[in-house]
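Participant: Please find the sequence and the predicted model below.
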Amino acid sequence: MRNLLFFDIDGTLITDDERKVFPADAKAALQAARLAGNLVFINTGRVRCNVEEILSETQFDGLVCGCGSYIEYHGEVLYHHTIPQDTCRELAVLCRECRMQAFFEHTEISGYDPEVDLPYIGFLVEEYRKKGIPMMTDIFGEDFRFDKFSGWYDRTSDLVRFKEGIRGVFQYIDRGEGFFEVEPVGHSKASGMQFLLEYFNLPFSCSYAFGDSNNDLEMLQYAAHSVCMEQGSELCRRTAEFVTTGVEEEGIRKALAHYGLFGK
């Protein structure tokens, strides 16, 4: 029986620094697992337009993007949850009023509100522009929309009001050090896993999750078998069934071998 393997990107498949190294041993291990009959999926908070670089480096069977809001299998879109544009604008105004510096992410486009002048977002905007991803900067513009967003806050931000304002539409994930991520209610990396298990009519026991940070907790808690990278957060390390070595210490290969996912 084939298994479904779900991999976070940053800090799991590639190094979580400016180098963004995707080790050759990890790429080879993923392909060996696929040849053994397993289906290998990216499962990421990134939206679809921000995974092209890693897709160019090795093959995957599919994608769970935007915290479960977008699911793709062999190029076919199986699911895409969208937010009404009026709601997007209302939430962007809320971010502005609460001084939450949000980076808005859609399957095809991303953007930010230059009216919020916290100093954290510049590097991310530059990174997306280098990748050629269209950037929206007018929250009242015709093209403004998003599936999810992440961002930063500081002591001048009204975090309490922000959390209350997104209630019922998004759920809040604190990534630490003033960084946050929100995902649509009812959607998560875990919901993406559940969708695909049902789509392929596979039992829960066939699910494997690989992650490192707090936005991976839901999929690590959901999976029948969970792996945390050595440098992962304390919560992830405590949650995971198995803790492997680091990204550049053959962590992916060792984890796949531990579970016998290369076949006989």
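Facilitator: That came in fine, so what should we check first?
Participant: Which residues outside the helix or strand bottoming out on mean pLDDT in the chain are in contact with it?
Facilitator: Taking mean pLDDT, DSSP states H and E as the measure, strand 170-176 is the helix or strand of the chain with the lowest mean score, a mean of 89. Where contact means C-beta atoms under 8 Å, 6 or more residues apart in numbering, the residues beyond strand 170-176 that reach it are 91, 148, 150, 163, 166, 180-185, 188, 213-215, 233. C-beta here means a position set from N, CA and C on the backbone, and glycine is covered the same way.
Participant: which residues sit in contact with A190?
Facilitator: Taking C-beta under 8 Å, 6+ apart, one finds 68, 218-219, 221-222 in contact with A190.
Participant: Can you pull the poorly scored residue ranges out of the stretch 51-200 of the chain?
Facilitator: Low-confidence regions of the stretch 51-200 of the chain, defined here as pLDDT under 70, do not occur.
Participant: Which parts of it are strands?
Facilitator: Taking DSSP state E, counting those that start in this stretch as the criterion, the stretch 51-200 of the chain contains strands spanning 62-65, 70-73, 76-80, 101-105, 110-112, 135-136, 148-152, 170-176, 179-184.
Participant: Tell me which residue lies nearest the centroid of this structure.
Facilitator: The chain has G45 as the residue nearest its centroid, 1.8 Å off, counting by C-alpha atoms, centre = their mean.
Participant: Can I take it that that one is in a helix?
Facilitator: No: secondary structure of G45, determined by DSSP: H, G, I helix; E, B strand; the rest coil: coil, with no helix assignment.
Participant: Retrieve the pLDDT associated with it.
Facilitator: Confidence at G45, expressed as pLDDT, is 91.
Participant: give me the number of residues near D143?
Facilitator: One way to gauge burial is a neighbour count; for D143, by other C-beta atoms under 10 Å, it gives 12.
Participant: Need phi/psi at it.
Facilitator: phi -90, psi 0 (degrees, to the nearest 10).
Participant: nearest residue to it other than its sequence neighbours?
Facilitator: M136 (5.5 Å; C-beta to C-beta, 6 or more residues apart in numbering).
Participant: For stretch 132-150, buried residues please.
Facilitator: Using 16 or more other C-beta atoms under 10 Å as the test for burial, stretch 132-150 gives 133, 136, 139, 144-150.
Participant: Revised request: answer the last question for stretch 25-44.
Facilitator: Neighbour-count burial for stretch 25-44 flags 26-27, 29-30, 32-34, 38-44 (criterion: 16+ other C-beta under 10 Å).
Participant: List of residues touching that stretch?
Facilitator: The list of residues contacting stretch 25-44 from outside it, by C-beta under 8 Å, 6+ apart, reads 2-10, 13, 51, 54, 57-65, 189, 192-193, 196, 200, 209, 211, 219, 247, 250-253, 256, 261-263.
Participant: residues in contact with the helix ranked longest in the chain?
Facilitator: For the chain, the helix that runs over the most residues, judged by DSSP state H, is helix 85-98. Taking contacts as C-beta under 8 Å, 6+ apart, the residues outside helix 85-98 that touch it are 100-102, 104, 113, 115-116, 139-140, 144-146, 149, 151, 153, 157-159, 161-162, 165-166, 169-170.
Participant: Which of these are buried, as a ChimeraX select command?
Facilitator: Those of the contacts of helix 85-98 that meet the burial criterion (16+ other C-beta under 10 Å) are gathered into one ChimeraX selection, given here:
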select :100,101,102,104,113,116,139,144,145,146,149,151,153,157,159,162,165,166,170
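Participant: rewinding a little: and the strands of the stretch 51-200 of the chain: which comes nearest T239?
Facilitator: Closest to T239 of those is strand 170-176 (C-beta to C-beta; 14.4 Å).
Participant: Which neighbours in the sheet does that closest one have, and how are they oriented?
Facilitator: Paired neighbours of strand 170-176 in the sheet (DSSP bridges): strand 179-184 (antiparallel).
Participant: What lies in contact with the strand it pairs with?
Facilitator: Residues external to strand 179-184 that are found in contact with it (C-beta under 8 Å, 6+ apart): 45, 66-69, 81, 83, 100, 147-153, 166, 169-175, 215.
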